[in-house]
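1. sequence and computational prediction follow.
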Amino acid sequence: MIQLQKYTWLIYTIRRAGKISFEDLSNKWEHNKELSDYKPLSRATFNRWKDAIFSQFGTIISCQRTGGYLYYIENPEDIDENELKKWMLDSFAVSNLISENLSLKGRILVRQIPSAHNHLTTLLEAMQENRTVMITYCGFNKTKSYTFPINPYCVKLFENRWYVLAHNIQYDNIRIYGLDRIESLEITEDIFKLPKDFSASDYFSTYYGVVTDRNIKTEHIIIRVYHDHILYMNSLPLHRSQRLLEDSDEYADFELFLTPTYDFIMGLLHVGSMIEVIKPASLRCQMKKWISDMYELYKND
């Protein structure tokens, strides 16, 4: 992991600078005590890392010779258009900033992800070699644990929890499991074949989060957003399909193409009266039912 951090540091530092000399790179590296132990970056080490970064990430670090020898990312679109790479670099940037400001630890608040450290590393190892894993799992609505084999297809982070999408061998179907509900996990010697047409992004493309009910059809959804929440919707869309249709002084209408599963409805209810479902009528009725049930809890106060 430490080597990956070093590669990520180099990509992040060059990308942030735009163009940077080797001397400036070495100085920045030397001042990053968490990774460098105050030792300068040698030219030979830099060249090895540069080659490894291209081999492992496909990111090209080139040198501009005119106007001084300056290094830059030749293909930044490879990062900008890859969600995982962007997330990795953003996560590193935050981690690096915090490590450099540990004196402020009492003034930097983070929320612990309950399942990140328990089984994620082992799952990724299994996915690298397409190996079946044996898990002992206890769902939130179950009274006892069950042990069974799964073929892990992909992992997904959603609302501070990690999930694994896997082929359940016993029932021969695709299911999703929360890593924080896995009590034990062991890699087996069995190897599985990932379906050639499987794409993790395509599988979740019409869903809001991790609930993937194939019995619910994808809808053209229009929601009306009121007041200051318009700015939040523009800065952090609910879904990749979100498009602005109309923006007035009082509200803005957005369209989405997705499957209105349980977690999407919870996401809409989360912001209360600042969002209204305009269409489809079926989703609007579902929202009314949830709101009515909530009202029943408080109507006698």
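-> Done, it's in.

2. for stretch 215-234, C-alpha coordinates in PDB please.
-> The C-alpha coordinates for stretch 215-234 follow below in PDB (Å, rounded to 0.1, in the frame of the first residue of the first chain):
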ATOM      1  CA  ASN A 215     -39.000  -5.800 -10.800                       C
ATOM      2  CA  ILE A 216     -39.100  -1.900 -10.800                       C
ATOM      3  CA  LYS A 217     -38.900  -0.300 -14.200                       C
ATOM      4  CA  THR A 218     -36.700   2.600 -15.200                       C
ATOM      5  CA  GLU A 219     -38.700   5.900 -15.300                       C
ATOM      6  CA  HIS A 220     -38.400   9.300 -16.700                       C
ATOM      7  CA  ILE A 221     -38.500  11.300 -13.500                       C
ATOM      8  CA  ILE A 222     -39.000  15.100 -13.100                       C
ATOM      9  CA  ILE A 223     -38.400  16.700  -9.700                       C
ATOM     10  CA  ARG A 224     -39.000  20.300  -8.700                       C
ATOM     11  CA  VAL A 225     -36.400  21.700  -6.400                       C
ATOM     12  CA  TYR A 226     -37.100  24.800  -4.300                       C
ATOM     13  CA  HIS A 227     -35.100  27.600  -2.800                       C
ATOM     14  CA  ASP A 228     -31.500  27.200  -1.700                       C
ATOM     15  CA  HIS A 229     -31.500  23.500  -2.400                       C
ATOM     16  CA  ILE A 230     -31.100  24.200  -6.100                       C
ATOM     17  CA  LEU A 231     -27.500  25.000  -5.500                       C
ATOM     18  CA  TYR A 232     -26.900  21.700  -3.800                       C
ATOM     19  CA  MET A 233     -28.600  19.800  -6.600                       C
ATOM     20  CA  ASN A 234     -26.400  21.500  -9.200                       C
END
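
3. going forward, count from 48.
-> OK, 48 is where the count begins now, so the last one is stretch 262-281.

4. buried set for that stretch?
-> For stretch 262-281, the buried set under the neighbour-count rule, 16 or more other C-beta atoms under 10 Å, comprises 263, 266, 268-272, 276-277, 280. All C-beta spots, glycine's among them, are computed from the backbone N, C-alpha and C.

5. and residue 254, how many neighbours?
-> Counted by other C-beta atoms under 10 Å, the residues lying close to residue 254 total 20.

6. let me fix that, I meant to ask about residue 88.
-> With other C-beta under 10 Å as criterion, residue 88 counts 20.

7. the host helix or strand of residue 303 pairs with which strands?
-> Using DSSP states H and E, residue 303 sits within strand 298-305. Strand 298-305 pairs in its sheet with strand 266-273 (antiparallel), strand 290-294 (antiparallel), by DSSP bridges.
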